[in-house]
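S.K.: I'd like to go over a predicted model; first the sequence, then the structure.
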Amino acid sequence: MRKLVLIVAAGLAVAGCAGSPRITEVQVSMMEFGFQPSEFSVTAGQPVRMTLVNDGTLEHDFNIMEFPMEMTSAEADGHEMGAGMEPDLHMSAMGGESGVTEFTPTVPGTYEYFCSVTGHKEAGMVGTMTVLAP
């Protein structure tokens, strides 16, 4: 099983270059205690460049527990996960910081994302990424 630790940031736009696959640009902002947008869609088999922006003052992260994908790029972030927590997709950013990662989702479906910082998910830091069929 692939495990991933990243720093990430993320608006929705599509960009492409002739001769290379189109990359879907996604920006997700985090703040106390929510994600913006709380729902977005990408397409299976299409590369995604995700930017995670922490507009809050507290540390936040973005996690999807089971997420079939191929990683293109990731940055290790040194973020400590809780015991027994091993999401397939994990990104974090301290307050006022951001990061970027690239991946290609491989299986259509609906995937919940959430902040794993103690109490944040319970306070409403959850969202949904839908992976559409190509």
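M.R.: Structure received. Numbering: from 1, shown residues only.

S.K.: tell me, how many residues neighbour residue 99?
M.R.: Other residues within reach of residue 99, judged by other C-beta atoms under 10 Å, total 21. Every C-beta, even on glycine, is put in place using the N, C-alpha and C of the backbone.

S.K.: that one against residue 90, yeah?
M.R.: No - using C-beta atoms under 8 Å, residue 99 is not in contact with residue 90; the gap is 11.5 Å.

S.K.: and the nearest residue to residue 65 once chain neighbours are set aside, backbone torsions?
M.R.: Distances taken as C-beta to C-beta, 6 or more residues apart in numbering place residue 87 nearest to residue 65, at 4.9 Å, with adjacent residues excluded. Backbone dihedrals for residue 87, given as degrees, to the nearest 10, come out at phi -70, psi 150.

S.K.: got the phi/psi numbers for residue 107?
M.R.: Torsion angles, degrees, to the nearest 10, at residue 107: phi -130, psi 120.

S.K.: I'd like to know how many residues surround it.
M.R.: Close neighbours of residue 107, defined as other C-beta under 10 Å, add up to 13.

S.K.: that one: what's its closest spatial neighbour, skipping adjacent residues?
M.R.: residue 68 (4.1 Å).

S.K.: which stretches of this structure have low pLDDT?
M.R.: The model of the chain has pLDDT under 70 over residues 1-20, 74-83.

S.K.: wait, doesn't residue 125 sit right on residue 114?
M.R.: Yes - if you go by C-beta under 8 Å, residue 125 and residue 114 touch, sitting 6.0 Å apart.

S.K.: of those two, who's got more company?
M.R.: Of the pair residue 125 and residue 114, residue 125 is the one with more neighbours under other C-beta under 10 Å, namely 24 against 19.

S.K.: residue 106 versus the more buried one, what's the distance?
M.R.: Using C-beta to C-beta, to the nearest Å, residue 125 is found at 26 Å from residue 106.
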